[in-house]
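A.B. asks: For reference, the sequence and a predicted model appear below.
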Amino acid sequence: MVTVEDQIDLGGGYYVLRIGWPELAREIQPGQFVMIGLPDLTEMLIRRPFSVARVCPDQDPDPTSFELLYKVVGRATHTFSRLRRGSEMTVLGPLGRGFWLPDDGDVELLLVAGGIGNAPFPLLVQRLGEKARKTTLFFGGRTRGDLTLLDWFEQRCHVVVATEDGSLGARGRVTEPLVSHLDGSRNRPRLVLACGPHPMLRAVAAACLERDVPCQLAVEETMACGFGVCLGCVVPKRHPTSEFDRFVRVCREGPVFDAREIVL
C-alpha cells in the first residue's frame, strides 16, 4: 500500500502520477515495470502494468518516489487520473527484465520511442547521467501533442523528432530518420533500444536485424498478474526449440527482449 504524492496533468489526456515508495525508487531498473491498482477491489479487481518513467528527486542518489507516465485510454486509466495527493494505491514491483547496456563506452546508444512508448526512457536517461548527452532519442508521434516530456529529454540528450502529421519535426514515421542514421554510421558500434506500438517495434527490429545492429525491444502487452502465472502476455519466440517452447512471457522473460528472441 502506497500513497500518491502528486498528479500532473500534461494535457491531451497524458498524466504523470508520482508515488511515494523509497525502496522501489532505489531498486527499479530502466525498462522494468510495476502493477498498480486500488485498495477497493470492487472498483478495480485486476492491477494494470506501467513502466516506471522516473525517480524523484531527479539526480538524487537516494530517491524517495517514482513516477508513471500514462495516457487515459479506458476505464482504469480514467480512474487513475482522478487520484489526488494522499490517495492510496496498491503497487507490486519491481517486475520483469529491463534494458541491459554494454560495458563498452564507445557504443552509440540510440533510443526509439513511439508516443507513450517513451515511458521507460526518462529513467534510463537519469541513470546514464552525463553519458545521456551522447545518446540520441528518435521520438515519434501522430502529432506534436503526443510527444510528452519532450522539453525534459531535449535538456538531457539529443532528440530527433518525427510526427505523422508534420506538426513538429520531420513528417512521417520515426523509423525513417532512424534508418537514415543507421545507414550513415555503419563504422561505429551501435545499440538500439525501442518502445512503442507493435508495428513500430516490428519495423525497428527489421531494420536492425537487416543491418546486424543489436536491438532491444520493450514490449507492451495486456497482463493480469505480472509475475508469470496467468500466461496472458505471451509472445512467440523467433526460434523455438520444441512444440513446448514456442512462447515467452512478457512479464517474466521481458518486457525487454533482444530483437532476435521474439516475433511481433
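C.D. replies: The structure has been received and is ready for your questions. Numbering: from 1, shown residues only.

A.B. asks: Please name the nearest non-neighbouring residue to residue 39.
C.D. replies: residue 88 (5.5 Å; C-beta to C-beta, 6 or more residues apart in numbering). Placement of C-beta: from N, CA and C, glycine included.

A.B. asks: What residues are bridge-paired with that neighbour?
C.D. replies: residue 3 (DSSP bridges).

A.B. asks: what residues are up against it?
C.D. replies: With contact set as C-beta atoms under 8 Å, 6 or more residues apart in numbering, residue 88 has these partners: 1-4, 38-39.

A.B. asks: Just the buried residues out of the residues you listed, in PyMOL syntax.
C.D. replies: Burial among the contacts of residue 88 is assessed by 16 or more other C-beta atoms under 10 Å; the matching PyMOL selection reads:
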select buried, resi 2+4+38
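
A.B. asks: between the contacts of residue 88, which is closest to residue 152?
C.D. replies: Nearest to residue 152, judged by C-beta to C-beta, of these is residue 4 at 20.8 Å.

A.B. asks: Relative to residue 24, how far out is the closest residue in space to that closest one that isn't next to it in sequence?
C.D. replies: Spatial nearest neighbour of residue 4, excluding adjacent residues (C-beta to C-beta, 6+ apart): residue 87 at 4.3 Å. According to C-beta to C-beta, to the nearest Å, residue 87 and residue 24 sit 17 Å apart.

A.B. asks: Same check on residue 97?
C.D. replies: Taken as C-beta to C-beta, the span from residue 97 to residue 24 is 16 Å.

A.B. asks: In terms of neighbours, single out the busier of those two.
C.D. replies: More crowded of residue 97 and residue 24, by other C-beta atoms under 10 Å: residue 24, with 21 against 18.

A.B. asks: what's near enough to touch that one?
C.D. replies: Residues in contact with residue 24 (C-beta under 8 Å, 6+ apart) are 34, 52, 66, 91, 93-94.

A.B. asks: how about 6 Å then?
C.D. replies: Residue 24 makes contacts with residue 93, as judged by C-beta atoms under 6 Å, 6 or more residues apart in numbering.
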